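Engineer: Please work out how this folds:
(one chain, ligands or ions: 2)
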Amino acid sequence: MRSISCARHLLLFLALFVACGGGGGDGGGSSSGAFAERVANYKAAYGKTDAWEDWMIANQARYAATFAASSARPNTINISFRYETALIAYAPAWADEGEHMDALETMAEGAYPGYFFNFIFEGNTNTSYANVIAGIATNNSYASGKNVYLYYETIFNHEFGHVINLPHHYDSVGDIGNGQHMPPGDTTCIMDRTSNTYCSACRTALGIPLDISDTTDMDNAVADILSRYPY
Ligand SMILES: [Zn+2]
Ligand SMILES: [Zn+2]
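Structural biologist: Ligands and ions are numbered 1, 2, ... in the order given. Here you go, the predicted model:
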């Protein structure tokens, strides 16, 4: 459908965009052909519509950097965890940080089916894929490069989305939760702050299945973490 010259222009644009973005993703490894192939495979595997495929191709620029980063991710995603200043006064306290790291791992793997997370308390921040800095002073969690600064640890899945280059669905803060830039058939997503799972567009870019959404373990882990928070 799209001409070859069109595809070349798009690729050139993406390469420039990623180079200027300063993000952590390896956008240079992306190719529009590989993305279109992923989209076609997902369409066939999960019975998506022509309209969905058209939307995905038209919105490729939103997802190219995530597609590249997810394709290049290590088999095990090591996350180094530390507190910004002092230990959070969880009540009840965790038996040890191992139990705490396990809960975070369960929470993360619920939103990223097929990804294997390994949370390491005070792990090596140079060799890690991303770092959690927990217990920041204000309720304004954010990601900066591979560092994820968390007030509530349960926002991790959203902030890790940024580490792997996902954009918000909303263009401005006032549009949070309005379902902007959603593919046909979807209305909610982690990156629109309306769900604890990803929409089909984000999933396709991340390379996670569209048909796995058993959130029981994740929900239990989130409830456990939140129940211990002192604030
Ligand atoms: Zn965000
Ligand atoms: Zn999404």
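Engineer: following the helix or strand of the chain with the lowest mean pLDDT, which helix or strand comes up?
Structural biologist: Among the helical and strand segments of the chain, the one scoring lowest on mean pLDDT, DSSP states H and E is helix 4-21, with a mean of 30. Note on helix 4-21: by DSSP states H and E, the next helix or strand toward the C-terminus is helix 32-46.
Engineer: H100 touches W94, doesn't it?
Structural biologist: Yes: the pair H100 and W94 qualifies as a contact (Cβ atoms under 8 Å) at a distance of 4.1 Å. C-beta coordinates here come from the backbone N, C-alpha and C atoms, glycine included.
Engineer: Name the residue in these two with the higher neighbour count.
Structural biologist: Ranked by neighbour count (other Cβ atoms under 10 Å), H100 and W94 place H100 first, with 22 against 17.
Engineer: Secondary structure element for the more buried one, which one?
Structural biologist: Going by DSSP H and E, H100 is in helix 97-111.
Engineer: how near is the closest residue to A201 other than its chain neighbours to S128?
Structural biologist: Of all residues not flanking A201 in the chain, P183 sits nearest, at 4.4 Å (Cβ to Cβ, 6 or more residues apart in numbering). Plainly put, P183 is 32 Å away from S128 if you go by Cβ to Cβ, to the nearest Å.
Engineer: What of N140?
Structural biologist: 23 Å.
Engineer: Which one's more surrounded, these two?
Structural biologist: Set N140 next to S128 and count neighbours by other Cβ under 10 Å: S128 wins out with 19 against 8.
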